[in-house]
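> From the sequence below, what's the structure:
(chains A and B)
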Amino acid sequence: MSDVRVRFAPSPTGHLHIGGARTAIYNWAFARHTGGTFILRIDDTDPERSTPENTAAILRAMRWLGLDWDEGPEAGGDRGPYFQTQRGGSYSRALERLEACGAAYPCFCSAEELEGAREKARAAGGVAGYARTCRTLDAAEARGRIEAGEPHTWRLKVPEDRGDIVFDDAVRGEVTFPSAALDDFVLVRSDGTPTYNYASVVDDAEMGITHVIRGDDHLSNTPRQMLLLEALGFPTPVFAHLSMILGADGKRLSKRHGATSVEQFRDEGILPEALVNYLALLGWSFDDRTTIFSAEELISHFTLERVGKNPAIFDPEKLEWLDGVYIREMPPAALAERMLPWLEDAGLLSPAEEPQRRPWLVQLAPLVSERLKRLDEVAGMVRFLFEDQVPIDEAARAKVLEKEGAGRSLDAASDGLSTLRSWTAEGIEEALRRLPEALGLKPKVVFQAVRVAVSGTTVSLPLFESLALLGRERTLARLHAARTLAAE
RNA sequence: GGCGCGUUCGUCUAGCGGUUAGGACACCGCCCUCUCAAGGCGGAGAUCACGGGUUCGAAUCCCGUACGCGCUACCA
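Residues are numbered from 1 along each chain as shown, chains lettered A, B, ... in the order given. Purely as a prediction, here's the structure:
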């Protein structure tokens, strides 16, 4: 195992978003590629919005995607705990050190005061940012106010002579921030909890994180964190900032763009392999032409050098195409297996009938596989093979059954099939193929009449195979039922 | 407002000084065909955001402008 250590640190304020999922995938792939360690840490420092349910959902989504972590919740590890709310000791120890060396100071300004100052500054068109009012407070006086129980936060004292903060981002290259533009940001809130920038830095350092691969929204936080790192005497990790994933309108992805969380895609019948493949490609390229690759191939090819800098628009259509590719590649038995929950949810199959229906489902699988883009489409496609009777679609009746020749086609099909010796797709095809010529009708007329009679619609799974799966009895019953609706 | 980052077909991208600017999704056409798909073949689609440089030569390097996004919170 190499000494690379990376982490994915979601905050459990919601479900696993696809942006977060992509960050997780890159961290995971990087760790696996380098033989390093992948750590999952829960950044639950926002007491208002963090919930255990969200944490559970995130872990579930990670597992579903196939992203396993070496250290973290439910995995253990010797650098834990892996929940920030359980790491208070680390933050207070670090604060003591910062205070001792004069790198942090208490601030007694109230939230209202700060807000007021901010608005005034903004109205004046000047710089926002904290005015450093408490920075020059006398140490003894500050001590006294703290002891008197006055509410206060702790702020980092940004050094005045630091100059430019420069770092070499693994995806964006050299990035420079003038330290003069940084204000003395809050480390510890008045309730004693750490802010993101603070907790994250302390944890990354204590957990020995070597590469911080995270969203673009943290790029501007990086200089702050580097200042903290310097004050604490910790080494600087390699930073790699990933661009955002946007909706079709170029705006930040949100609910109105459709599904945005990993579990929503699962519920829409997207395969985890396809989602990982798609997300990996959103901002990273395998090479100059490869679109489809397995998780193993992703791992062996993944490098930070091939991560792109520009924001990417999420394209559900391409995801669905890719999902279709994965569905088609699946062996029939595997697809039959994956179809099960969807058939059960649609009430077409009960778990009890499952075992004896297995071989039948394996025969069905190849018929649906090449027309499925998502698994949630399967029930609608196969329903006519499960139910005893099928309603005839009004438009299909008008368009097909009421046409001249439909009735004769159904009669002839009934005749031919009722005495058919081997009820197989091949046998059925042979019997039905004879009909058009015998009736003097176009093949399409005959086959569409039979299709509508049997499936109720003009579009269905391949006819002969469908009849084979339906069985002789139900096929003949439907042919007879449709006869009454048909023209001659 | 300040600071930072980004900008190649509609979309995802390849490209890292010399290419007919390549691939994929979507789109269009043809073939296959019992419908729908899948598949095969072909097509259209990018003056590489714009304007200046540097260079024999720039999508590739530099500067500026525009637009987009992020940060500028006791959110993360």
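> The least confident helix or strand in chain A by mean pLDDT close to RNA strand B?
Counting by mean pLDDT, DSSP states H and E, chain A has its least confident helix or strand at helix A:111-123, which shows a mean of 77. Yes - contact of helix A:111-123 with RNA strand B (Cβ under 7 Å from any atom of the strand) involves A:A111, A:L114, A:R118. Backbone N, C-alpha and C define where each C-beta goes, glycine included.
> and the residue most central in space within chain A, what does it touch?
With distances taken as Cα atoms, centre = their mean, A:V262 lies nearest the centre of chain A, 3.1 Å away. Going by Cβ atoms under 8 Å, 6 or more residues apart in numbering, A:V262 touches A:H15, A:L16, A:H17, A:I18, A:A21, A:A61, A:W64, A:L65, A:L275.
> Neighbours of the closest residue to it other than its chain neighbours, how many?
For A:V262, ignoring the flanking residues on the chain, the nearest one in space by Cβ to Cβ, 6 or more residues apart in numbering is A:A61 at 4.1 Å. Residues lying near A:A61 (other Cβ atoms under 10 Å) number 24.
> Does anything pack onto the host helix or strand of A:A61? Which helices or strands?
Counting by DSSP states H and E, the element that carries A:A61 is helix A:52-65. Helices and strands touching helix A:52-65, by 3 or more Cβ pairs under 8 Å, 6 or more residues apart in numbering; DSSP states H and E, are helix A:18-34, helix A:262-267, helix A:272-281.
> hang on, the residue nearest to A:V262 packs against A:D267?
No - between A:A61 and A:D267 there is no contact, the gap being 11.3 Å when judged by Cβ atoms under 8 Å.
> Just the buried residues from the residues of helix A:111-123 next to RNA strand B, in ChimeraX please.
Typed into ChimeraX, the line below selects the buried ones among the residues of helix A:111-123 next to RNA strand B, using 16 or more other Cβ atoms under 10 Å:
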select /A:114
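> can I get the residues of helix A:111-123 next to RNA strand B in CSV with distance to A:F447?
Written out in CSV, the entries for the residues of helix A:111-123 next to RNA strand B read as follows (distance: Cβ to Cβ, whole Å):
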residue, distance to A:F447
A:A111, 74
A:L114, 76
A:R118, 73
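> ok, so of the residues of helix A:111-123 next to RNA strand B, who is nearest RNA strand B?
For those, the residue nearest RNA strand B by Cβ to the nearest atom of the strand is A:A111; the value is 4.2 Å.
> measure the closest one to A:H152 for me?
For A:A111, the distance to A:H152 equals 12 Å [Cβ to Cβ, to the nearest Å].
> same deal with A:K373?
57 Å.
> I'd say A:L232 and A:L95 touch.
No - under the criterion of Cβ under 8 Å, A:L232 is not in contact with A:L95, lying 10.1 Å apart.
> List, one by one, the residues from the stretch 151-300 of chain A near RNA strand B.
By Cβ under 7 Å from any atom of the strand, the part of the stretch 151-300 of chain A that sits against RNA strand B consists of A:151, A:153, A:172-173, A:175-178, A:181, A:183, A:185-186, A:189-191, A:195-197, A:216-221, A:243-244, A:250-252, A:281-283, A:285, A:288-289, A:291.
> Return the members of those classed as buried.
The buried subset of these (16+ other Cβ under 10 Å) comprises A:153, A:172, A:175, A:177, A:183, A:185-186, A:189-190, A:195-197, A:216, A:218-219, A:221, A:243-244, A:281-283.
> Assign A:F234 to helix, strand or coil.
Here A:F234 takes the coil state, with states given by DSSP: H, G, I helix; E, B strand; the rest coil.
> Excluding chain neighbours, give the residue nearest to it in space.
Of all residues not flanking A:F234 in the chain, A:A205 sits nearest, at 4.0 Å (Cβ to Cβ, 6+ apart).
> which ones are touching that neighbour?
Counted by Cβ under 8 Å, 6+ apart, A:A205 has contacts A:L229, A:L232, A:F234, A:P235.
> Wasn't it part of a strand?
No - assigned with three-state DSSP, A:A205 falls outside any strand and is helix.
> quick revisit: and the contacts of A:V262, which are buried?
Neighbour-count burial (16+ other Cβ under 10 Å) applied to these gives A:H15, A:L16, A:H17, A:I18, A:A21, A:A61, A:L65, A:L275.
> which intervals of the stretch 251-400 of chain A have sub-threshold pLDDT?
Nowhere does the stretch 251-400 of chain A drop to pLDDT under 70.
> how about the strands in it?
A:312-313 (DSSP state E, counting those that start in this stretch).
> do the stretch 101-250 of chain A as well
In order along the chain, the stretch 101-250 of chain A carries the following strands (DSSP E, counting those that start in this stretch): A:104-107, A:153-156, A:164-169, A:173-178, A:186-188, A:211-215, A:238-242, A:245-246.
> Could you dump the ones you listed into TSV and include distance to A:R472?
TSV is the format used below for the strands of the stretch 101-250 of chain A (distance: least, Cβ to Cβ, whole Å):
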stretch	distance to A:R472
strand A:104-107	83
strand A:153-156	79
strand A:164-169	68
strand A:173-178	70
strand A:186-188	76
strand A:211-215	59
strand A:238-242	58
strand A:245-246	52
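> can you put those in TSV and add mean pLDDT?
Putting the strands of the stretch 101-250 of chain A into TSV (pLDDT from 0 to 100) gives the following:
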stretch	mean pLDDT
strand A:104-107	94
strand A:153-156	95
strand A:164-169	93
strand A:173-178	92
strand A:186-188	95
strand A:211-215	97
strand A:238-242	97
strand A:245-246	94
